[in-house]
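**Student:** Let me see the structure of the following:
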Amino acid sequence: LKDLAELIGCDEKTLSLAFTERTIKTRGEEYKVPLKADVAKESADAFAKEIYAKIFLWLVRTINDATCAENNYKGGSSIEYG
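**Tutor:** Here you go, the predicted model:
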């Protein structure tokens, strides 16, 4: 948890609370409700899935940008032959 908090730039206590409780707001009042273990696990799994998807998308875009001839070479695909 400590490593994850450091990677995403928040403190460990905030991250821990995000996984173990939810906040309900009603008419100006706020209630903190602890999550059951199975719900907390599902939330953590959904968070991990979202982080994985964002990293994968970033990786694919980075590789595509790095290998795109039109962006990396002068003239790109407009080379004339003949």
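**Student:** three-state assignment of Ile24?
**Tutor:** strand (DSSP: H, G, I helix; E, B strand; the rest coil).
**Student:** so what does the helix or strand encompassing Leu17 touch, helix or strand wise?
**Tutor:** In the assignment (DSSP states H and E), Leu17 maps to helix 12-20. Contacts defined by 3 or more C-beta pairs under 8 Å, 6 or more residues apart in numbering; DSSP states H and E place helix 12-20 against helix 2-8, helix 37-67. Where C-beta positions appear, they are placed from N, C-alpha and C, glycine not excepted.
**Student:** and Thr20, which of those helices is closest to it?
**Tutor:** helix 37-67 (5.4 Å; C-beta to C-beta).
**Student:** what's the angle between that closest one and helix 12-20?
**Tutor:** 110 degrees (axes from the mean of the first three to the mean of the last three C-alpha atoms, to 10 degrees).
**Student:** what about the residue nearest the centre of the chain, distance to Ile8?
**Tutor:** The C-alpha lying nearest the average C-alpha coordinate of the chain belongs to Ile51 (C-alpha atoms, centre = their mean; 3.2 Å). Going from Ile51 to Ile8 by C-beta to C-beta, to the nearest Å gives 8 Å.
**Student:** export stretch 51-59 as PDB, just CAs?
**Tutor:** What follows is stretch 51-59, C-alpha atoms only, in PDB (Å, rounded to 0.1, in the frame of the first residue of the first chain):
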ATOM      1  CA  ILE A  51      -4.800   1.500 -13.600                       C
ATOM      2  CA  TYR A  52      -3.700  -1.400 -15.800                       C
ATOM      3  CA  ALA A  53      -5.900  -0.200 -18.700                       C
ATOM      4  CA  LYS A  54      -4.500   3.400 -18.500                       C
ATOM      5  CA  ILE A  55      -0.900   2.100 -18.400                       C
ATOM      6  CA  PHE A  56      -1.500  -0.200 -21.300                       C
ATOM      7  CA  LEU A  57      -3.100   2.600 -23.400                       C
ATOM      8  CA  TRP A  58      -0.200   4.900 -22.600                       C
ATOM      9  CA  LEU A  59       2.300   2.200 -23.600                       C
END
